[in-house]
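Visitor: Make a model of this:
(chains A and B)
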Amino acid sequence: MTEFIGSRISLISKSDIRYVGILQDINSQDSTLALKHVRWCGTEGRKQDPSQEIPPSDNVFDYIVFRGSDVKDLRIEEPATTPSAPPVQPPNDPAIIGSNSGQYNWNQAQTAQPPQPVQPNPYGAPYQQAPPAGAPYYMYPNAPAQFVPPGGLPLGTPLDASTPAVPYYGAPDQQQMGQRPEFAQNVSQGFAGQAPYNVRPGYGMPSNQKPPNFAPGMPAPGPTAVSASPSLQSMPPTNGVIPGAQPSIEASIEKESTSIRNSTVTNDRVVNTTVDVSQSQTVETSGPSKEVPTTQPDASAAKPRTEFDFQTANQKFQSMKDDLLKGKNDEEAEEFYKPKQSFFDNISCESKEKGMEAADRRALRDRERSLNMETFGVAGSGNRGRRGRGRGRGGRGRGRGYARNQYNQYRNSNGSQPRAQPANDQ
Amino acid sequence: MAESLIQKLENANLNDRESFKGQMKAQPVDMRPKTEDVTKTRGTEFEDYYLKRELLMGIFEAGFERPSPIQEESIPIALSGRDILARAKNGTGKTAAFVIPSLEKVDTKKSKIQTLILVPTRELALQTSQVCKTLGKHMNVKVMVTTGGTTLRDDIIRLNDTVHIVVGTPGRVLDLAGKGVADFSECTTFVMDEADKLLSPEFTPIIEQLLSYFPKNRQISLYSATFPLIVKNFMDKHLNKPYEINLMDELTLRGVTQYYAFVDESQKVHCLNTLFSKLQINQSIIFCNSTNRVELLAKKITELGYSCFYSHAKMLQSHRNRVFHNFRNGVCRNLVCSDLLTRGIDIQAVNVVINFDFPKNAETYLHRIGRSGRFGHRGLAISFISWADRFNLYRIENELGTEIQPIPPSIDPSLYVFPNGDYQIPRPLTASADQVLAAQQAKGQEGYHNRPNNNRGGHPRGGGNRGGYRQSNRQPRYRGQQKAD
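Guide: Got it, this is the predicted structure:
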């Protein structure tokens, strides 16, 4: 299955419209598949009734997510150019505690490579248990800083990172400490739980290192610590050379390789489920997945080296905006806030929106997942189903999660007399 | 004879005031330039309101010099007891505008709840109660903050003692009132901050129920920067000839410069990284449109080598409190959050707000960008506009009657960087009080008194739920720890 990611695929939906695009993601959980750079070919005479024919369009859509059940036919037009594997969402298998390998590949956004391999996190199994999934590492203490605000250092200057961030979490809150002692030790690692704790080259970097100036073409300095570690996790051990990696990393990769082998078993499951999704004979013939070695992602890629070109982007936008305004000028008359006439305003606000939002929750969620994919290269934060279930860490928190969940149900059914505080649910 | 006596009294009084003003250890004065959003006053002084001396002391000690326009308009009316409908821009002093008269009206000899200040979010409740405590520092006034996410039992215990002012979020306050624990029968002042949010369809039923516990002669004051027409229903129904104060000729703040950056969804992180390297961020708040995206972005930012906090509604309250508290105290430069912290949050050191995700409506946009440029200072608001946001950008610009300009190649620091010089950015009012708060938060309690700390031991439901969730062997270590505690 993995080898189909990155292929050019021709897909016919139930409405007989054909789409051509590059397969980006197959999600077995939501039964969706995502194409990027999608061209819309119309119905091409497949409709019985010629009046219903939809002509092709020249527009290319960046990214479209299809519902698996609405896909009628699927063909591979052109195999993937680079061997790669799909970022399939982990199957719902209790053996997999979390699969961060495909998910937390921070490089792909920059490299524009097809997404990363799919093995349920090779390192996941032994370590994921450590902190409860989705623990709120609400501080990302790369550069913990007791900075003195007035005057404002330019952000480019390093926050003084020489003091470890430990005190933050290791603060007086005993319960916290009790829950995750390992976190206290590894506070400076950002996301614990995704990698072996001993394999954290990134965060051990000389912390007074300056964030790089992003001169074009200039390689990111040093081991590019921060980005190195997460990407390591997603890499099969076939890659011997990891820029900037310390020997210990390689050693521990070796150590972990057994678990990778084991995980291929689950990989097969992934394949099977996704085949169902796509309902395509072509795909089905593909057989069980092989371990496809990924290309070594450039560890420094997570950190953009060039400056974002605001001007070009804005110019592009300005011209489009002008077009937009031309059409709209006529309706200008509407008034939103006239303090002389009325105390009240008529601007768009949340309470007006509420009614419109009743739409399909699932669709909303799918949309967000694909958006996340685009922005972060990951569909979710790994905290799915957290609410009410995974929310709690420790007895108290868990109880609260439960309570809240109950409360929501209560409120939905009853509306008016909540027992607990309605949270601002954003 | 009587006249001369009065004369003497007045003199004595005045001298007295002068003297205590001199004695006080005044807060360092914030000398940054301010816009007329806060300077366009009629020139009254706090002394002009004949406030209690203890209150005045608190006001001056907190570093307040003279009333801001909204305070000037609202304090006398509020003192007169009339219902109020007040509209003023973000960060122009609304909180003190209702806290000061509320404190003034409190009779500390009476051990009854006399004022309820309702706010929409828990963080805002903490912040507002802190202002009450600071300004009322010398008054011996008992302020209690009560919100969801804390143990109800603690609040009930707290209410056995005297409470004069309750600051809270609607659900919990109603809960306490409904149980008969909080007695509002002599609570004559009912203030709603961010009133439009509190009177959104989601909250209105709660508010109306709550009102039934109040005496007939209660004064209702509504404060916000936005008042959609939807509020009018409530106003007509429950307010008695409210006095309208509207200090907003336009909706947006003068001091906040707004830019947009057109950016492909997949380039947003890249774009943010560039901003981090180019801008002189003192502290920044970065808004995302969902909790998931908050966490994802926070992680990304770390990967880029910058530190950040994050906060959203699905986190434990104790964690939320900590993030809020520490960010306010400048522990970390960047805060990624959802719309949870869109309203009311006052962190003066924030000079840059970034809409990583463009908000869906004008109201949210307005409140978000109002997190910078507090109290008439300067700030920057940068919105990332993806292809899908283009209509929204136009619409919001149009609705707010403001211009969001394309981000220039270089941004003039004078637009948002606090000039070097002899000024002091106020941190949360009085560090000492805040430390008390911090200590309380760390222990997970919010009351004013020190009480046995009993909400850590385990939520009653938590115990019951333990076995129900995660029976699988997913988290063996975790479960082991649970048993241990």
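
Visitor: For the stretch 101-250 of chain B, which residue gets nearest to chain A?
Guide: The stretch 101-250 of chain B approaches chain A most closely through residue B:148 (1.9 Å), counting by C-beta to the nearest C-beta. For glycine as for every other residue, the C-beta is placed from the backbone atoms N, C-alpha and C.

Visitor: Need the three-state assignment for that residue.
Guide: Assigned with DSSP: H, G, I helix; E, B strand; the rest coil, residue B:148 falls in the coil class.

Visitor: Tell me how many other residues crowd it.
Guide: 27 (other C-beta atoms under 10 Å in any protein chain shown).

Visitor: what about it, distance to residue A:351?
Guide: 20 Å (C-beta to C-beta, to the nearest Å).

Visitor: ok, now residue A:360?
Guide: 21 Å.

Visitor: the more surrounded of the two?
Guide: Remark: of residue A:360 and residue A:351, residue A:351 carries more neighbours, 20 against 9, as counted by other C-beta under 10 Å.

Visitor: Now do the buried residues in the one helix or strand that one maps to.
Guide: Using DSSP states H and E, the element containing residue A:351 is helix A:350-353. Buried positions in helix A:350-353, judged by neighbour count with 16 or more other C-beta atoms under 10 Å in any protein chain shown: A:350-352.

Visitor: Dump those to JSON lines, plus pLDDT and distance to residue A:51.
Guide: Formatted as JSON lines, the buried residues of helix A:350-353 follow (pLDDT from 0 to 100; distance: C-beta to C-beta, whole Å):
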{"residue": "A:350", "pLDDT": "84", "distance to residue A:51": "42"}
{"residue": "A:351", "pLDDT": "80", "distance to residue A:51": "43"}
{"residue": "A:352", "pLDDT": "78", "distance to residue A:51": "38"}
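
Visitor: Which ones among the residues you listed also lie next to chain B?
Guide: Contacts with chain B are made by A:350-352 out of the buried residues of helix A:350-353, judged by C-beta under 8 Å from any C-beta of the partner chain.

Visitor: If we only consider those, which is nearest to chain B?
Guide: Closest approach to chain B among these (C-beta to the nearest C-beta): residue A:351, at 4.1 Å.

Visitor: give the contact list for the closest one.
Guide: B:196, B:200-202, B:228, B:230 (C-beta atoms under 8 Å, 6 or more residues apart in numbering or on different chains).

Visitor: For residue B:177, which three-state class applies?
Guide: helix.

Visitor: Quick check: it touching residue B:185?
Guide: No: if you go by C-beta atoms under 8 Å, residue B:177 and residue B:185 don't touch, sitting 10.0 Å apart.

Visitor: any shared contact partners between those two?
Guide: Common neighbours of residue B:177 and residue B:185 (C-beta under 8 Å, 6+ apart) are residue B:213.

Visitor: more neighbours, the two?
Guide: residue B:177 (23 against 11).

Visitor: Roughly how far does the residue lying closest to that one once chain neighbours are set aside sit from residue B:80?
Guide: Nearest residue to residue B:177, sequence neighbours excluded (C-beta to C-beta, 6 or more residues apart in numbering or on different chains): residue B:213, at 4.5 Å. Separation of residue B:213 from residue B:80 (C-beta to C-beta) stands at 24 Å.

Visitor: ditto for residue A:37
Guide: 66 Å.

Visitor: who has more neighbours, those two?
Guide: residue A:37 (14 against 11).

Visitor: correct me, but residue A:344 touches residue B:229?
Guide: Yes: counting by C-beta under 8 Å, residue B:229 is a contact partner of residue A:344 at 4.6 Å.

Visitor: between the two, who's got more neighbours?
Guide: residue A:344 (21 against 14).

Visitor: how close does the residue nearest to residue B:306 when sequence neighbours are not counted get to residue B:155?
Guide: Distance criterion C-beta to C-beta, 6+ apart; nearest residue to residue B:306, sequence neighbours excluded, is residue B:276 at 5.7 Å. Noted for residue B:276: a distance of 41 Å to residue B:155, by C-beta to C-beta.

Visitor: Going by distance to residue B:123, which of the ones next to chain B among the buried residues of helix A:350-353 wins?
Guide: Using C-beta to C-beta, residue A:350 is the member of these that sits closest to residue B:123, with 17.7 Å.

Visitor: Starting from residue B:228, give me the distance back to that closest one.
Guide: When residue A:350 is compared with residue B:228 (using C-beta to C-beta), they lie 9 Å apart.

Visitor: which residues are in contact with both of the two?
Guide: Common neighbours of residue A:350 and residue B:228 (C-beta under 8 Å, 6+ apart) are residue B:363.

Visitor: ok, back up a step: of all pairs in the contacts of residue A:351, which one is the farthest apart?
Guide: B:202 and B:228 (13.4 Å).

Visitor: what's stretch B:67-82 in contact with?
Guide: B:37-38, B:40-42, B:44-46, B:49, B:84, B:86, B:88, B:92-94, B:96-98, B:100-102, B:104-105, B:188, B:219, B:221, B:223, B:241-243, B:245, B:247, B:375.

Visitor: and if we set it to 7 Å?
Guide: B:38, B:40-42, B:44, B:46, B:49, B:84, B:86, B:88, B:92-94, B:96-98, B:100-101, B:104-105, B:219, B:221, B:243, B:245, B:247 (C-beta atoms under 7 Å, 6 or more residues apart in numbering or on different chains).

Visitor: Output the contacting helices and strands for the helix or strand harbouring residue B:293.
Guide: Take DSSP H and E as the rule and residue B:293 turns out to sit in helix B:291-304. Secondary-structure packing of helix B:291-304 (3 or more C-beta pairs under 7 Å, 6 or more residues apart in numbering or on different chains; DSSP states H and E): strand A:139-140, helix A:225-233, helix A:361-376, strand B:308-311, strand B:334-337.

Visitor: Show me the least confident stretch of these, going by mean pLDDT.
Guide: Per-stretch mean pLDDT for these is lowest at helix A:225-233 (a mean of 36).

Visitor: coming back round to it: is it true that the residue nearest to residue B:177 touches residue B:176?
Guide: No: under the criterion of C-beta atoms under 7 Å, residue B:213 makes no contact with residue B:176, lying 9.7 Å away.

Visitor: out of those two, which sits in the more crowded spot?
Guide: residue B:176 (25 against 19).

Visitor: Please name the nearest non-neighbouring residue to that one.
Guide: residue B:182 (3.8 Å).

Visitor: Pull out the buried positions in the helix or strand containing residue A:39.
Guide: Element membership for residue A:39, per DSSP H and E: strand A:32-42. For strand A:32-42, a neighbour-count test (16+ other C-beta under 10 Å) marks A:32-36, A:38-42 as buried.

Visitor: So, low pLDDT: which residues of chain A?
Guide: Along chain A, the model assigns pLDDT under 70 to residues A:1-3, A:80-303, A:321, A:323-334, A:354-359, A:382-426.

Visitor: change it to 50
Guide: A:82-91, A:94, A:97-137, A:141-301, A:385-426 (pLDDT under 50).

Visitor: Repeat that for the stretch 351-485 of chain B.
Guide: Using pLDDT under 50, the stretch 351-485 of chain B drops low at B:422, B:430-485.
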